[in-house]
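Peer 1: sequence and predicted structure below; questions after.
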Amino acid sequence: MMNTTSHILGGAWRKPEAQQHRFNELHHWVELTKTLEDGGFDIAFFADVVGVYGDHEGGWASHGRRGLQVPANDPLVLLSALAATTKRIGLALTSSVIQTHPYTFARQLSTLDHLTGGRVGWNVVTSALENSHRNYGGAGLLEHDNRYDLAEEYLEVCYKLWEGSWDDDALLAAKTLEHDRGVGLHADPTKVAKIHHVSRNYTVEGPHLSSPSPQRTPLLFQAGSSPRGRDVAAQHAEATFSMAPSLAQAQQHAADVRRRAVGFGRQSEDVQFIQGLSFVVGSTEVEAQAKAAELDASLDDHALVAHTGGSLGIDLGYLPLDTPIGELVTEGSRGHLAELRAMNPDGNMTVRDLARFRAQATRITGTPEQIVDELEQWQDAGVDGINVINATLPGSYVEFIDHVIPELRVRGMARSAEQLDTESGATLRGRFTGADRLPTSHPAAQYRGAFTEYSAAATELSKEEVLDSVLVGAEHL
């Protein structure tokens, strides 16, 4: 989902039953997220951008006219409200490494992880929109690989704060109050440390101002599909989002990233794959096809073209829809471009193909039984879960809950309501992987206990040293 009017299926917000226009209303999101939680969804995931897409039809005015992810609100603020109104469902958001200093961001997510009881996930992105980089002081879009260099540097700072600054048992306040209020020991200074991080873009002394949250590091998502993006996913991500337009491409993607993960010293199953799919459900195949045709008629081809072309940094707005695309070169979403080319191996991709890629290539249409038949094929191809793309809110999700989830449960492909209430692992990661904390094979684990030389106790001056310093200073006065 996204806290905006028009997210992926451009134009669908105009359908009579659509409620996306209520995106500024808290009640809209609270009720929707409760519906998802009660209906059996594991995660409410919010996408985001921090700038407008590249030009379409000569500028960015078209984005406002068509509602292409503008206006869009900050999902982190929204998730704080949803944390107070949900109990089980995971709350995940996209946040770019260019938009918030890692020290601030690490503190924000630790706070949210505390307040949710460990239900937070983070989709790590580098921002492929040039306007996003200009909004945060950049001269323009960084080169593709340089963006990933920055992301890995950003992750290193966060890991050090989340995993290395506090020992698990450093905070003693609760134990002290429970056993002896007279002791007054709040935190063990031998177990709280500064990190003294210095790198190309960041200098962070620490310590982390938040004590260890239930997950410490939030559940990590990543969506890059270029070779460098796959490396970052293989090394850092616990789940990777995919918009592969075919089973074969999804299978290739999953196998490649898992192979890379082993190369980074992780287990192949440490990275799970979440495929983005939309659904049109009918009681019969004929009804489903009719509903799909109705949906297609409601879509705005130019909004869809603007979304894809804008993310690639290419203005396709004035090209006839039947214009062949040919060989495009971009510093934007290279992995996305490669997927688009693979969709039409004969090289005859047109602007219209681009427009309909998001709307049709990742759509499953049919009866609940037919849909789950196809989902079984995705599962067999190595896909672990589905990111359900909406056409309308709340309708797309209500329909999925009412008709598809029951069939998934019959086949053992989705947890029953009883399982959701009783399964072990209260945190999002616990439900996702079976463990509340990252495994030792993850690169973040290397920072556990790594900063004892910088602990509060280890760097504390003696009484004599402090007095000598103070007295010397006083003499100079």
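Peer 2: Perfect, thanks for sending it. Numbers count the residues shown, from 1 in each chain.
Peer 1: CA atoms only for stretch 65-76 - export them in CSV, please.
Peer 2: Below are the C-alpha coordinates for stretch 65-76, written out as CSV (Å, rounded to 0.1, in the frame of the first residue of the first chain):
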residue,chain,number,x,y,z
ARG,A,65,-3.1,15.9,-12.9
ARG,A,66,-3.0,12.1,-12.8
GLY,A,67,-2.2,11.7,-9.1
LEU,A,68,1.0,9.8,-9.6
GLN,A,69,2.1,9.3,-6.0
VAL,A,70,1.7,13.0,-5.2
PRO,A,71,0.7,14.1,-2.7
ALA,A,72,2.1,11.3,-0.5
ASN,A,73,2.5,11.3,3.3
ASP,A,74,5.3,9.9,5.5
PRO,A,75,4.6,6.2,6.4
LEU,A,76,6.7,6.3,9.5
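Peer 1: show me which positions of stretch 362-371 end up buried.
Peer 2: Neighbour-count burial for stretch 362-371 flags Thr362, Arg363, Ile364, Thr365, Gly366, Thr367, Pro368, Gln370, Ile371 (criterion: 16 or more other Cβ atoms under 10 Å). The C-beta positions use only the backbone N, C-alpha and C, and glycine is treated the same way.
Peer 1: the helix or strand containing Tyr154 - contacts with which helices or strands?
Peer 2: According to DSSP states H and E, Tyr154 maps onto helix 144-159. Counting contacts by 3 or more Cβ pairs under 8 Å, 6 or more residues apart in numbering; DSSP states H and E, helix 144-159 is packed against helix 102-116, helix 227-236.
Peer 1: quick one, what contacts Leu247?
Peer 2: Gln377, Trp378, Ala381 (Cβ atoms under 8 Å, 6 or more residues apart in numbering).
Peer 1: and the residues you listed, which of them are buried?
Peer 2: By 16+ other Cβ under 10 Å, the contacts of Leu247 give Trp378, Ala381 as buried.
Peer 1: of the contacts of Leu247, which belong to helices?
Peer 2: Secondary structure assignment (DSSP state H) places Gln377, Trp378 from those within helices.
Peer 1: quick revisit: tell me the least confident of the buried residues of stretch 362-371?
Peer 2: On pLDDT alone, Thr362 ranks lowest of the buried residues of stretch 362-371, at 90.
Peer 1: that one and Met243 touch, don't they?
Peer 2: Yes: between Thr362 and Met243 a contact is recorded at 5.8 Å, counting by Cβ atoms under 8 Å.
Peer 1: show me the common contact partners of the two, please.
Peer 2: Joint contacts of Thr362 and Met243 (Cβ under 8 Å, 6+ apart) are Gln275, Gly276.
Peer 1: give me every residue that touches the most centrally placed residue in the chain.
Peer 2: Ranked by distance to the mean C-alpha position of the chain (Cα atoms, centre = their mean), the top residue is Asn123 at 2.2 Å. Contacts for Asn123 (Cβ under 8 Å, 6+ apart) come out as Phe45, Ala47, Ala92, Leu93, Thr94, Ser95, Phe221, Gln222, Ala223, Phe241.
Peer 1: what is it paired to in the beta sheet?
Peer 2: Here Asn123 sits in beta bridges with Thr94, Phe221, going by DSSP bridges.
Peer 1: distance-wise, check it relative to Phe241.
Peer 2: 7 Å (Cβ to Cβ, to the nearest Å).
Peer 1: give me the common contacts of those two.
Peer 2: Contacts common to Asn123 and Phe241, judged by Cβ under 8 Å, 6+ apart, are Phe221, Gln222, Ala223.
Peer 1: just the buried ones out of those residues, please.
Peer 2: Neighbour counting with 16+ other Cβ under 10 Å marks Phe221, Gln222, Ala223 as buried within those.
Peer 1: the last one against Phe241, yeah?
Peer 2: Yes: look at Ala223 against Phe241 with Cβ under 8 Å: they come within range, at 4.1 Å.
Peer 1: grab the nearest non-local neighbour of Thr323.
Peer 2: Among residues not flanking Thr323 along the chain, Val351 sits closest, at 5.0 Å (Cβ to Cβ, 6 or more residues apart in numbering).
Peer 1: residue contacts, the one you found?
Peer 2: Contacts here follow Cβ under 8 Å, 6+ apart; on that basis Val351 touches Val305, Leu316, Leu319, Pro320, Leu321, Asp322, Thr323, Ile325.
Peer 1: relative to Ile314, how far out is it?
Peer 2: Val351 is 10 Å from Ile314, by Cβ to Cβ.
Peer 1: before we move on, back to that, put the alpha carbons of the helix holding Tyr154 into PDB.
Peer 2: These are the backbone C-alpha positions of helix 144-159, laid out as PDB (Å, rounded to 0.1, in the frame of the first residue of the first chain):
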ATOM      1  CA  HIS A 144      23.700   3.300  -9.700                       C
ATOM      2  CA  ASP A 145      26.600   1.500  -7.900                       C
ATOM      3  CA  ASN A 146      27.400   4.600  -5.800                       C
ATOM      4  CA  ARG A 147      23.800   4.500  -4.400                       C
ATOM      5  CA  TYR A 148      24.400   1.000  -3.200                       C
ATOM      6  CA  ASP A 149      27.700   1.900  -1.700                       C
ATOM      7  CA  LEU A 150      25.900   4.600   0.300                       C
ATOM      8  CA  ALA A 151      23.200   2.000   1.300                       C
ATOM      9  CA  GLU A 152      25.800  -0.400   2.700                       C
ATOM     10  CA  GLU A 153      27.500   2.400   4.600                       C
ATOM     11  CA  TYR A 154      24.200   3.400   6.000                       C
ATOM     12  CA  LEU A 155      23.400  -0.100   7.000                       C
ATOM     13  CA  GLU A 156      26.700  -0.500   8.800                       C
ATOM     14  CA  VAL A 157      25.900   2.600  11.000                       C
ATOM     15  CA  CYS A 158      22.500   1.200  11.800                       C
ATOM     16  CA  TYR A 159      23.800  -2.300  12.600                       C
END
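Peer 1: next, count neighbours for Asn321.
Peer 2: Let me fix one detail, which is that residue 321 is Leu and not Asn. Using other Cβ atoms under 10 Å, Leu321 is surrounded by 15 other residues.
Peer 1: re the thing from before, which of the buried residues of stretch 362-371 sits closest to Val466?
Peer 2: Of all the buried residues of stretch 362-371, Thr362 has the smallest distance to Val466: 64.1 Å, by Cβ to Cβ.
Peer 1: pLDDT wise, what is the closest residue to the closest one other than its chain neighbours at?
Peer 2: Distances taken as Cβ to Cβ, 6+ apart place Leu277 nearest to Thr362, at 5.2 Å, with adjacent residues excluded. Predicted confidence (pLDDT) for Leu277: 96.
Peer 1: before we move on, what about Ala12?
Peer 2: At Ala12, pLDDT is 92.
Peer 1: which residues does it contact?
Peer 2: Ser6, Ala18, Gln20, Leu295, Ser298, Leu299, Ala391, Thr392.
Peer 1: go with 7 Å
Peer 2: Ala12 makes contacts with Ala18, Leu295, Ser298, Leu299, Ala391, Thr392, as judged by Cβ atoms under 7 Å, 6 or more residues apart in numbering.
Peer 1: ranking the contacts of Val351 by neighbours, who comes first?
Peer 2: Val305 (27 neighbours).
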